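> Pasting the sequence and the predicted model now:
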Amino acid sequence: MIGVLMMSEGPILLKDAAPVAMTKSKSGLLRLLPVAVIVAGLALGYAFGLQDFLSLTYLGESRAALKAYVSANFMGSAFAFMVFYTLAVAFSFPAASVLTIFGGFLFGWLSGGIMVAFSATLGATLLFLAARSAFGDFLRDKVGGRAAALAEGFKRDAFSYLLVLRLAPVFPFFFVNIAPALFNIPLRSFIGATFLGILPATFAYAFLGQGVDSVIDAARKAGTEISVGDLVTPQITLAFAALAVVACIPLLIKKLRKPSHEKIH
């Protein structure tokens, strides 16, 4: 009798397990969908040659036409610029520095800087949410030991860590948008640290853009190509590094003030 019951129940269990497996599979695919859209968008951008228009060479060749259009359609141009900047960051297109210079050149360092700060934060947040949707539980579920402890520490001091990463000119912008998603940090901390952390570089690059005319003219006379590296001075880089060091101070103080029993563990 028991054998019969087990045999009769076996197919039922298998039958019930199939929909569960299919549901999990669909859930996994849905989690990866935002990342797939971002990868597809990035590929399309390169396929259509978008990188050719996001260069200082293109700005030099088209600056008169761009300036004239912005003067005639300021509000529409500002809105289009912010949408484009947001999408470029969300799709991880490597053009944040050039676009910020564009913003300073077309709209002035103050207006351009403000537009870039909000657009970059929005684009970074969209990318962060997509990465967190797909990989947010990776470190928590797949690794343990020191890596898990590191993840918890990062999550606990997320705002301070992110602020340092934003201020320090070490890691690419897209990397700092994606990496925090692996630690599953709070969205509020990500947005706050991103907005405040990018302000110095944003306004510095926008200010460089406002005066890029003379650099473009000099490069044309010399018959050379102009790049972002030609505009960024060692003094600016050192200033960013100094800001990152200052941002580290609260973290260091917090570590030094830990009770002795916490330091041992």
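Structure received.

> Can you list the low-confidence ranges for the stretch 51-200 of the chain?
Residues of the stretch 51-200 of the chain meeting the criterion pLDDT under 70: 136-154, 169.

> residue ranges of the helices in it, please?
56-72, 74-90, 96-107, 109-135, 138-142, 145-156, 158-167, 173-182, 187-210 (DSSP state H, counting those that start in this stretch).

> Run through the neighbouring helices and strands of the first one.
The one in question is helix 56-72. The helices and strands touching helix 56-72, judged by 3 or more Cβ pairs under 8 Å, 6 or more residues apart in numbering; DSSP states H and E, are helix 96-107, helix 212-222. The C-beta positions use only the backbone N, C-alpha and C, and glycine is treated the same way.

> That one to helix 74-90, inter-axis angle?
Here helix 56-72 runs at an angle of 140 degrees relative to helix 74-90 (axes from the mean of the first three to the mean of the last three Cα atoms, to 10 degrees).

> for the third one, same thing?
Regarding helix 96-107 and helix 74-90, their directions subtend 180 degrees when assessed with the same axes, to 10 degrees.

> What helices and strands are in contact with helix 96-107?
Helix 96-107 is packed against helix 56-72, helix 74-90, helix 109-135, helix 187-210, helix 212-222, helix 228-231, with contacts defined by 3+ Cβ pairs under 8 Å, 6+ apart.

> Would you tell me which of the helices and strands packed on helix 56-72 gets closest to residue 58?
helix 96-107 (9.1 Å; Cβ to Cβ).

> And the contacts of the closest one?
Helix 96-107 is touched from outside by 54-56, 59, 63, 66-67, 70, 77-78, 81, 84-85, 88-89, 112-113, 115-116, 120, 173, 201-202, 205-210, 212-213, 228, 231, with contacts defined as Cβ atoms under 8 Å, 6 or more residues apart in numbering.

> Only whichever of the residues you listed are buried, select them in ChimeraX.
Of these, the buried ones go into a single ChimeraX selection, burial set by 16 or more other Cβ atoms under 10 Å:
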select :54,55,56,59,63,66,70,77,78,81,84,85,88,89,112,113,115,116,120,173,201,202,205,206,207,208,209,210,212,231
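
> re the thing from before, ranking the helices of the stretch 51-200 of the chain by mean neighbour count, which comes first?
Comparing the helices of the stretch 51-200 of the chain by mean neighbour count (mean count of other Cβ atoms under 10 Å), helix 96-107 comes out on top with a mean of 24.
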